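Visitor: sequence and predicted structure below; questions after.
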Amino acid sequence: MVMSITMADNADVTPYEGENIDATWSDLMRDEVGKQMEAYLVVTMKYDVLANWATLDATKKIIMTEYVARQIAVQGILYNMAGYTSRLEAEDMVNVSLFRIRQLEKIVGDQNFITWIKG
């Protein structure tokens, strides 16, 4: 099965999950988390970026894709850390993504970014 959300796909998410992600963390679960993250971006930006996704160029999409992909990966890692070489490895992966997610939230919530997206 392939993910069916708009802003990210398996190729976007996989690098952030790492090779030890639990095999039962399914595309259906990724999709559900992805839908929540896409909705969060729409609300945060106060602009329906999903409805206008096809009109955006690749440069405008990449920040939002990274945000959604990292959020999905964090939830996947937290779903079951047993496959990682240690709990510390899994927690480090989560913390690195959470740090970047906070940086991305500052960008996507900024009015200048939103104006640029609409441009």
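Guide: Sure thing, it's come through. Residues are numbered from 1 along each chain as shown.

Visitor: from now on I want contacts and neighbour counts done on CA atoms only, so please keep to that.
Guide: Fine.

Visitor: what pLDDT does the most centrally placed residue in the chain get?
Guide: In the chain, the centroid-proximal residue (Cα atoms, centre = their mean) is V68; its distance is 1.8 Å. On the pLDDT scale, V68 is placed at 98.

Visitor: same check, this time on M1
Guide: 62.

Visitor: show me the contacts for the residue nearest to the centre of the chain.
Guide: Residues in contact with V68 (Cα atoms under 8 Å, 6 or more residues apart in numbering) are M7, A8, G34, M37, E38.

Visitor: R70 is in contact with the second one, correct?
Guide: To tie it back to what came earlier, the one meant is A8. No. The criterion here is Cα atoms under 8 Å, and A8 misses it with R70 at 9.7 Å.

Visitor: please identify which of those two sits among more neighbours.
Guide: Legend: neighbour count by other Cα atoms under 10 Å for A8 and R70, higher for R70 (27 against 24).

Visitor: on that earlier part again, distance check, the residue nearest to the centre of the chain against D12.
Guide: 9 Å (Cα to Cα, to the nearest Å).

Visitor: same check, this time on L28
Guide: 16 Å.

Visitor: ok, now M45?
Guide: 21 Å.

Visitor: do the same with R70
Guide: 8 Å.

Visitor: quick one: name whatever helix or strand follows the helix or strand harbouring L78.
Guide: Taking DSSP states H and E as the criterion, L78 maps to helix 58-79. Downstream of helix 58-79, the next assigned helix or strand under DSSP H and E is helix 87-108.

Visitor: so who does the residue nearest to D12 when sequence neighbours are not counted touch?
Guide: The shortest distance from D12 to any residue that is not its chain neighbour, by Cα to Cα, 6 or more residues apart in numbering, is 5.8 Å, and that residue is A69. By Cα under 8 Å, 6+ apart, the contact list for A69 reads A8, D9, D12, V13, Y16, G34.
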